[in-house]
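Trainee: sequence plus predicted model, see below.
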Amino acid sequence: MQEKKSKLHIGQIIQHKLFNYTGVIFDIDPNFKGTEEWYEQVAKSSPPKESPWYHVLVDEALHTTYVAEQNLEPAKNPQKVLHPLADALFQEFDGKCYKLRQKIH
């Protein structure tokens with residue numbers, strides 16, 4: 001499986017195209033790394049598995065999401081994300097994006 005270069009980056013504030021939530025990317029998989037069962041149950045739009053998938057802290061929520069690149073776009077007006085893990089993962093918000101504290105992998 002050939003990997004595609006991600007269009008978004010860690011620390012970037014995003015908007016989900018289908019569910020209209022905002023969040024911040026905290027990790028990127030070059031292609032889908034979940035299980036087939038999860039994909040069948042959750043990925044109803046059948047996004048491509050060979051494109052990048054993103055781990056996202058959801059704004060004003062306690063959970064994270066795992067989202068295909070085709071379903072995300074950069075937020076038009078980036079704002080600080082309110083999530084309990086944001087301060088643990090990121091150093092600061094510069095008004096456009098976050099700076100990661102340390103590399104996860």
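Mentor: That came through, no problem.
Trainee: can you tell me what sits against whichever helix in the chain runs longest?
Mentor: Using DSSP state H to assign secondary structure, the helix with the most residues in the chain is helix 36-42. Taking contacts as CB atoms under 8 Å, 6 or more residues apart in numbering, the residues outside helix 36-42 that touch it are Phe32, Lys49. Yep, even glycine has a C-beta here, placed from its N, CA and C like the rest.
Trainee: give me the distance from that helix to the chain's centre.
Mentor: Counting by CA atoms, centre = their mean, to the nearest Å, helix 36-42 is centred 18 Å from the centre of its parent chain.
Trainee: same question, stretch 21-32
Mentor: Relative to the mean C-alpha coordinate of its chain, stretch 21-32 is positioned 2 Å out (CA atoms, centre = their mean).
Trainee: got the CA positions of that stretch in CSV?
Mentor: Extracted as CSV, the C-alpha positions of stretch 21-32 are listed here (Å, rounded to 0.1, in the frame of the first residue of the first chain):
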residue,chain,number,x,y,z
TYR,A,21,-17.0,19.9,15.0
THR,A,22,-13.7,21.6,15.6
GLY,A,23,-10.6,20.0,17.0
VAL,A,24,-6.8,19.8,17.0
ILE,A,25,-4.7,17.1,15.4
PHE,A,26,-2.4,15.3,17.8
ASP,A,27,-1.2,12.4,15.7
ILE,A,28,-1.2,11.2,12.1
ASP,A,29,-1.2,7.7,10.6
PRO,A,30,0.0,7.6,7.0
ASN,A,31,-2.9,5.2,6.3
PHE,A,32,-5.7,3.5,8.2
